[in-house]
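Undergrad: this one's structure only:
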Ligand code: HMG
Ligand code: MG
């Protein structure tokens with residue numbers, strides 16, 4: 001029932017660092033990404049080509065990307081619109097991600113658009129990215145609950161997922177942006193998507209750990225057959241435009257669980273933990289991950 005292999009989609013350098021109050025120097029970001037690759041992660045989201053005023057923490061995307069572009073790993077980047085895609089393609093990006101919302105409130109807060117306006121904004125981005133030979137991921141935020149609207153009905157998520165697939169997104173990532181999901185809700189969303197023709201093979205999950213449910217939710221998704229899991233080294237993360245969003249599922253917590261389940265990830269947990277301890281030192285506060293605390297040497 002469980003997948004034999006899980007692809008970990010590492011988001012620490014993007015989802016993690018976009019939320020840091022202090023600006024992390026570009027060189028530190030590049031070293032973070034290099035160390036993550038060295039620990040065996042093969043998909044490492046590097047940065048975002050968004051408006052620099054909206055996310056000043058990632059305003060150095062043009063400087064950072066060339067410093068890591070030679071790594072033998074996939075380096076997806078976020079692109080909200082054609083301007084972002086142009087910037088990413090100019091640097092040779094081969095993996096891009098658009099990011100939609102299942103709710104109107106978050107579409108407005110995060111993209112300054114309605115849900116439909118933002119889908120219309122993504123349409124040429126996805127088409128042009130595919131034409132340029134890039135793989136395209138479609139994120140859907142607020143798949144479970146929204147800080148302004150409360151619980152999010154499954155049909156709202158299904159509608160946005162189907163629109164992104166019709167545009168040509170290769171995979172979707174179901175975001176629990178504020179970390180309110182529980183395992184039963186995860187299973188009913190996945191089943192609802194399947195019923196509407198969205199296959200599990202096209203789905204990844206993206207849990208934030210606000211209520212400590214990220215790992216339980218991940219296990220529920222794995223039991224449903226999901227084989228792509230987003231996680232953030234050391235549990236860094238959050239979203240500046242979603243109040244009450246905390247860190248992502250920590251990659252170390254995920255790897256520890258998957259090792260116990262006998263599921264192959266290719267990640268060296270010792271090197272990964274050392275990287276998160278090193279990064280915590282740069283950020284000046286300890287990682288919230290229990291696994292990092294248990295295994296970390298400082
Ligand atoms: P807007 O203000 O509506 O922009 O923002 P606009 O389209 O009206 O353009 C205004 C000006 O910005 C123009 O310049 C554009 O060229 C420029 P002017 O002509 O006035 O001189 N501009 C840009 N410049 C550089 N790069 C760009 C770009 N786009 C426009 N890409 C916009 C709309 C989408 C740009 C803005 O809302 C934005 O950047 N939002 C990004 C927010 C963000 O990054 N949020 C975090 C990521 S999502 C997340 O974390 C959730 C996730 O983890 C999953 C989960 O947890 O649920 C993925
Ligand atoms: Mg996120």
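TA: Structure received. Given the structure is predicted, the values throughout are model-derived calculations rather than measurements. Ligands and ions are numbered 1, 2, ... in the order given.
Undergrad: And the closest residue to ligand 1 within the chain, its phi and psi?
TA: Among residues of the chain, the one nearest ligand 1 by CB to the nearest ligand atom turns out to be residue 175. It sits 2.5 Å away. Any C-beta I mention is one placed from the backbone N, CA and C, and that applies to glycine too. The phi and psi torsions at residue 175 (degrees, to the nearest 10) take the values phi -90, psi 130.
Undergrad: Identify the residues contacting it.
TA: Residues counted as contacts of residue 175 (CB atoms under 8 Å, 6 or more residues apart in numbering) are 139-143, 206.
Undergrad: Off-centre distance for stretch 253-271?
TA: Relative to its chain's centre, stretch 253-271 lies at 18 Å (CA atoms, centre = their mean, to the nearest Å).
Undergrad: List of residues touching it?
TA: Surrounding stretch 253-271, the residues in contact under the criterion CB under 8 Å, 6+ apart are 2-6, 8, 35, 38-42, 214-215, 218-219, 222, 229, 231, 235, 251-252, 272, 289-291, 295.
Undergrad: re the thing from before, okay, the residue of the chain closest to ligand 1 and residue 189: tell me how far apart.
TA: As defined by CB to CB, to the nearest Å, residue 175 lies at a distance of 11 Å from residue 189.
Undergrad: Please apply the same query to residue 55.
TA: With distances defined as CB to CB, the gap from residue 55 to residue 189 amounts to 27 Å.
Undergrad: Between the two, point out the one with more neighbours.
TA: Relative neighbour count places residue 189 above the other of residue 55 and residue 189, with 25 against 20, counting by other CB atoms under 10 Å.
Undergrad: neighbours around residue 246, how many?
TA: The burial count for residue 246: 17, using other CB under 10 Å.
Undergrad: Touching, it and residue 214? I think so.
TA: No - contact status for residue 246 versus residue 214: not in contact, 9.8 Å apart, counting by CB atoms under 8 Å.
Undergrad: which residues are in contact with both of the two?
TA: With contacts taken as CB under 8 Å, 6+ apart, the residues that reach both residue 246 and residue 214 are 179, 208.
Undergrad: Contacts only, for the nearest residue to residue 213 once chain neighbours are set aside.
TA: Once flanking residues are discounted, residue 213 sits nearest to residue 182: 5.6 Å by CB to CB, 6 or more residues apart in numbering. Contacts for residue 182 (CB under 8 Å, 6+ apart) come out as 211, 213, 216-217.
Undergrad: Equivalent analysis for residue 161, please.
TA: Applying CB under 8 Å, 6+ apart to residue 161 gives the contacts 138, 140, 172, 174, 193, 198.
Undergrad: what helix or strand is it on?
TA: Take DSSP states H and E as the rule and residue 161 turns out to sit in helix 154-167.
Undergrad: pLDDT averaged over that helix - what is it?
TA: Taken as a whole, helix 154-167 carries a mean pLDDT of 98.
Undergrad: cool, stretch 183-197 as well?
TA: Throughout stretch 183-197, pLDDT has a mean value of 98.
Undergrad: So it, near ligand 1 or not?
TA: No - counting by CB under 6 Å from any ligand atom, ligand 1 is not contacted by stretch 183-197; separation bottoms out at 13.4 Å.
Undergrad: That stretch: which residues count as buried?
TA: Residues 183, 185-186, 189-190, 192-193 are the ones in stretch 183-197 that count as buried (16 or more other CB atoms under 10 Å).
Undergrad: what do you get for stretch 165-174?
TA: For stretch 165-174, a neighbour-count test (16+ other CB under 10 Å) marks 165, 167, 169, 171-174 as buried.
Undergrad: where's it relative to the chain centroid, distance-wise?
TA: Using CA atoms, centre = their mean, the distance between the centre of stretch 165-174 and that of its chain works out at 14 Å.
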